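In: The sequence isn't on hand, but the structure is:
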């Protein structure tokens, strides 16, 4: 046919190699328009180019061939299901790889000296938000600490008592040295951040001589705990996509939670979130399941948020609920539900 393209020309147009095109033909994913019976040469129709380019993109993303076929030939709903599952797998692999690399980095000899500069008020605000999620006692030393992850691109503060998990991300003003992870007791970090709040800029310095917070010509020593912090990245990666989202007033919900007894029950729909004995105006994406929380766990998570509104992202009635602040995308808290009252 006059418009047919040889395998070499089709390969140049689509970015696939001739050997890959032969392989995809053998697998039945991308058949040529025709094959010359005498020579065995494959020829392609120009109209096959979009399919070939999509195939190349999917393979570049690491999608297995059976899943590629499902995306190319299945329904849009099936394609979305396959792609979302693959995206989840990629996130889990990335988290595992990051955890493995972090473990190797921790085992290496000290890299020398690390310095990260931050705004004093920003650091104090982040500490205020994250520390309530640390354990109140040091029975498990790592849980009474805040994990500081220091890089040139981001400073991340993480705390968990296994019932909740708080993560706050900050953009550093500048950084020198290699990335570093530090476990600082929550109480010590609160004391140092209270001092830092009044300084326009502070520097976290860490090296063989110890770890300190410096600014305004003065320093505050920071004790560092040697312990294994929980693999929080795996927890975040394993979160299911939210099936329900609830947007409501943060202060109103906090007041309802604080007035509850040993647990507060949330349920709602039709523009209302019922929290204990109170009905709060809310925007609900699908009626959320009926769930119960320990006010001593949910209350501090709400108090640590910023702004008049709070967003609750709910996957189901047994998974952690993600508490987000509409005014601060860099702060996230996970809160575990408890059993409903009988």
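Out: Right, received. Where do you want to start? Everything numeric in this text was worked out from a predicted model, so none of it was measured.

In: What's the local residue count around residue 40?
Out: Neighbour count for residue 40, taken as other CB atoms under 10 Å: 7. C-betas here are computed from N, CA, C, even on glycine.

In: Sorry, wrong one. I was asking about residue 257.
Out: For residue 257, the count of nearby residues is 25 (other CB under 10 Å).

In: I'd like the next helix or strand past the helix or strand harbouring it.
Out: According to DSSP states H and E, residue 257 maps onto helix 250-258. Counting by DSSP H and E, the element after helix 250-258 in chain order, helix or strand, is strand 264-269.

In: what's the domain layout of this structure?
Out: According to automatic domain parsing, the chain comprises the domains 1-108, 114-231, 239-335.

In: Tell me the buried residues in stretch 132-145?
Out: Within stretch 132-145, the residues that qualify as buried are 132-135, 138, 141-145, counting by 16 or more other CB atoms under 10 Å.

In: just the helices in the stretch 1-150 of the chain please.
Out: With DSSP state H, counting those that start in this stretch, the ranges of helices along the stretch 1-150 of the chain come out as 7-14, 18-27, 49-60, 65-73, 76-107, 120-130.

In: so the residue nearest to residue 242 when sequence neighbours are not counted, which of the three states?
Out: Closest residue in space to residue 242, ignoring its immediate chain neighbours: residue 313 at 3.8 Å, by CB to CB, 6 or more residues apart in numbering. The three-state label given to residue 313 by DSSP: H, G, I helix; E, B strand; the rest coil is strand.

In: what residue ranges in the stretch 151-300 of the chain score low on pLDDT?
Out: Within the stretch 151-300 of the chain, no stretch falls below the threshold (pLDDT under 70).

In: show me where it has strands.
Out: Ranges of strands in the stretch 151-300 of the chain, per DSSP state E, counting those that start in this stretch, are 155-160, 164-170, 174-176, 180-185, 202-207, 210-215, 218-221, 244-249, 264-269, 272-275, 278-285, 291-293.

In: in its sheet, what does the second one sit against?
Out: Strand partners for strand 164-170, identified by DSSP bridges, are recorded as strand 155-160 (antiparallel), strand 328-335 (antiparallel).

In: Pipe those strands into a markdown table and attach distance to residue 41 and mean neighbour count per row.
Out: Formatted as a markdown table, these follow (distance: least, CB to CB, whole Å; neighbours: other CB atoms under 10 Å):
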| stretch | distance to residue 41 | mean neighbour count |
| --- | --- | --- |
| strand 155-160 | 56 | 23 |
| strand 328-335 | 55 | 20 |
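
In: Can you tell me the centre-most residue of this structure?
Out: Nearest residue to the geometric centre of the chain (CA atoms, centre = their mean): residue 236, 5.2 Å.

In: give me every residue that touches it.
Out: Shown in contact with residue 236 (CB atoms under 8 Å, 6 or more residues apart in numbering): 95, 165, 167, 334.

In: about what we covered before: least reliable of the helices of the stretch 1-150 of the chain going by mean pLDDT?
Out: Lowest mean pLDDT of the helices of the stretch 1-150 of the chain: helix 76-107, a mean of 83.

In: ok, back up a step: could you export the strands of the stretch 151-300 of the chain to a markdown table, including columns for distance to residue 119?
Out: Converted to a markdown table, the strands of the stretch 151-300 of the chain look like this (distance: least, CB to CB, whole Å):
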| stretch | distance to residue 119 |
| --- | --- |
| strand 155-160 | 11 |
| strand 164-170 | 8 |
| strand 174-176 | 11 |
| strand 180-185 | 18 |
| strand 202-207 | 8 |
| strand 210-215 | 10 |
| strand 218-221 | 16 |
| strand 244-249 | 29 |
| strand 264-269 | 35 |
| strand 272-275 | 35 |
| strand 278-285 | 33 |
| strand 291-293 | 33 |
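
In: Great, nothing more from me.
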